[in-house]
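**Student:** I would like the atomic coordinates for the input below:
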Amino acid sequence: MGKHMNFGQIISQNRAWYCLECGKCSAVCPITRWETREYTSPRLLVEKAIEGRTEDVLNDLLFWSCLTCKRCSELCPSDVHFSEFLRDARALARQDGRGGECTHGDVIQTWGQMMTDPALHQNRLGWLDDDLKVSDDSDTVYFVGCLPYYDTMFKKLGAEGLEIARAAVKILNYLGIEPQVLADERWCGHDQLWQGDVETFRALAELNLETLKASGATRIVTTCPECAHTLKVEYPALVGDHGMEVLHLTQLLEEGGDSKLQVASQNRQQATYQDPCRLGRYLGVYDAPRQVMADIGLDLVEMERTRHTSLCCGTSCWTSCGQVSKNIQVERLREAKATGADLLVTACVKCQIHFKCAQDDAELEDELNIEIRDLTTLLAERL
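**Tutor:** All right, here's what the predicted structure looks like:
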C-alpha cells in the first residue's frame, strides 16, 4: 500500500478493472441485503470507481460500512480483491480528512493511538495468575492483543476477555510451553489498517516488530484471528518481516495432534461454530477449530452457511455499527438457534462481543437465547 497511491493505482492493484458486473457479489453481501436507505453493493462501488466518480465512491453507504468479510471475493469469477480495494481507498479518504463513524465514541480508536507513544509505560501483565507459567526466553510468544482492554470495555455483556488469555497460557503450559508474554506489546493495528488509518497502523507495527525481534522467539501464537492475519500477512507485506511463524492457537493444537489432549470425560453436547472471517476466508483455517471441538466432546451441528460461505458477525473495525449490523447479527444468531444446538462456539473475541451485544435486547431475548463461549476457554476448562 503506497503512501501516495491514487485511485487509479488502487483499482489496478486490486483487479477492479476485471469486474464483469455479474452481480454475484451483490447477492451475498450482508450490507446489500440489509441496507434500506439506498441500494448499494460491491459491484456498484467498483463501477463508480472505474468510471472515475471518486466523490460518489467516498459518499457511498458501503464505503465505511463494508465488513471486509471477503465473502464477495470468494465467488468473484474475476478475482477482484474488493476488501483490499476498499482498505486502500479508505486510506486515501483518510488523507482527505474523511473517516467512518466510530463505534463507542472513539474510545477504542483512542487506545490504539495512545499506544503509538514509544515512551508509554503499560501495565499489561497484571492478569497473569500465579499458576500460569511464563518465561523470558521461550521460543514461543503468546500475543495477547486487545483482550485486556475488551475485558474492561465489554464485561457488562458477559464477554470473555482475560479469561481467554488465561486459558491460552494454561493450554500452552499443558502442552509443555511456557510462553513469553510481552510487557511492551501494542495492539497489532488491524482495526487502524482497515479503517484507513495507515499512519497509526505503521506506528503500532514498528513498535511491535522491535519488541518481537528482541524477544528472540521463533513463533507467535495468538487467540485472535485478526492478530494472526495482521502479524502473518500484513506486517511482512506493509511494514517489515519479523521472521517468525504465526499460528492461531487452534492451528498449534492441530499440529500437535489430539493425542496431546487428555480431556476430562463429560456428557457430549451439541454445539455450532462461527467461522471468523480472518481465520476462515483470510487464512483458510476451517478444520483446526472443528477438530478441537470434537476433541473436547462437542458434537458439531453446522449452520446453514458455514466455512467459506459463513456469515460475518456484522461489524468490522468498530466502525459503522448500527441497525444494519444488528440485523446481520440477529440473522446469524437465528441460524445458530435453528441448528438445535444449545451452544455457539466462537474462536474470535469480536464475534463473541458482537453476538452478545445483539442478545442484549429485551424484545429478542427468548428468540436469540443461546449460550456463546470461546473455544479457548472451553478447552481449558475440560483439560
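**Student:** Which of the helices or strands spans the residue most central in space within the chain?
**Tutor:** The structure's the chain has its C-alpha centroid closest to Glu226; by Cα atoms, centre = their mean the separation is 3.7 Å. Using DSSP states H and E, Glu226 sits within helix 225-229.
**Student:** List the buried residues of that helix.
**Tutor:** Pro225, Glu226, Cys227, Ala228, His229 (16 or more other Cβ atoms under 10 Å). Placement of C-beta: from N, CA and C, glycine included.
**Student:** ok, for Asp88, nearest residue in space, not its chain neighbours?
**Tutor:** Leaving out its chain neighbours, the residue that sits closest to Asp88 by Cβ to Cβ, 6 or more residues apart in numbering is Ile10, at 4.5 Å.
**Student:** wouldn't that neighbour be in contact with Phe85 here?
**Tutor:** Yes. Between Ile10 and Phe85 a contact is recorded at 6.1 Å, counting by Cβ atoms under 8 Å.
**Student:** thinking again about what came up before, can you name the residues that contact the closest residue to the residue nearest to the centre of the chain other than its chain neighbours?
**Tutor:** With sequence-adjacent residues excluded and distances taken as Cβ to Cβ, 6+ apart, Glu226 is closest to His190, at 4.2 Å. Contact analysis of His190 by Cβ atoms under 8 Å, 6 or more residues apart in numbering lists Glu226, Cys227, His229, Thr230, Glu234, Arg278, Cys317.
**Student:** The same query, at a cut-off of 10 Å, please.
**Tutor:** 112, 145-146, 201, 204, 224-231, 234, 278, 316-317, 350 (Cβ atoms under 10 Å, 6 or more residues apart in numbering).
**Student:** what do you get for Leu92?
**Tutor:** Shown in contact with Leu92 (Cβ under 10 Å, 6+ apart): 1, 4-7, 9-10, 54, 57-58, 98, 196, 198.
**Student:** Now with 7 Å, please.
**Tutor:** Met5, Phe7, Ile10 (Cβ atoms under 7 Å, 6 or more residues apart in numbering).
**Student:** what does Ala203 give?
**Tutor:** Ala203 is in contact with Thr116, counting by Cβ under 7 Å, 6+ apart.
**Student:** where does it fall, helix, sheet strand or coil?
**Tutor:** When classified by DSSP: H, G, I helix; E, B strand; the rest coil, Ala203 comes out as helix.
**Student:** Model confidence score at it, please.
**Tutor:** For Ala203, the pLDDT comes out at 96.
**Student:** how deep is the nearest residue to Glu371 once chain neighbours are set aside tucked in, by neighbour count?
**Tutor:** In this structure, Glu371 finds its nearest non-sequential neighbour in Leu343, 5.0 Å apart by Cβ to Cβ, 6+ apart. Around Leu343 there are 18 other residues, counting by other Cβ atoms under 10 Å.
**Student:** Surely Leu343 touches Leu375?
**Tutor:** No. Between Leu343 and Leu375 there is no contact under Cβ atoms under 7 Å: 10.7 Å.
**Student:** Ile10 and Phe85: which is more packed in?
**Tutor:** Phe85 (25 against 21).
**Student:** OK, contacts around that one?
**Tutor:** Ile10, Asn14, Ala16 are the contacts of Phe85 under Cβ under 7 Å, 6+ apart.
**Student:** Go through the one helix or strand it maps to and flag the buried ones.
**Tutor:** Phe85 belongs to helix 82-95 when assigned by DSSP H and E. Buried residues in helix 82-95, counted by 16+ other Cβ under 10 Å: 82-94.
**Student:** cool, stretch 34-52 as well?
**Tutor:** 34-35, 40-50.
**Student:** All set now, cheers.
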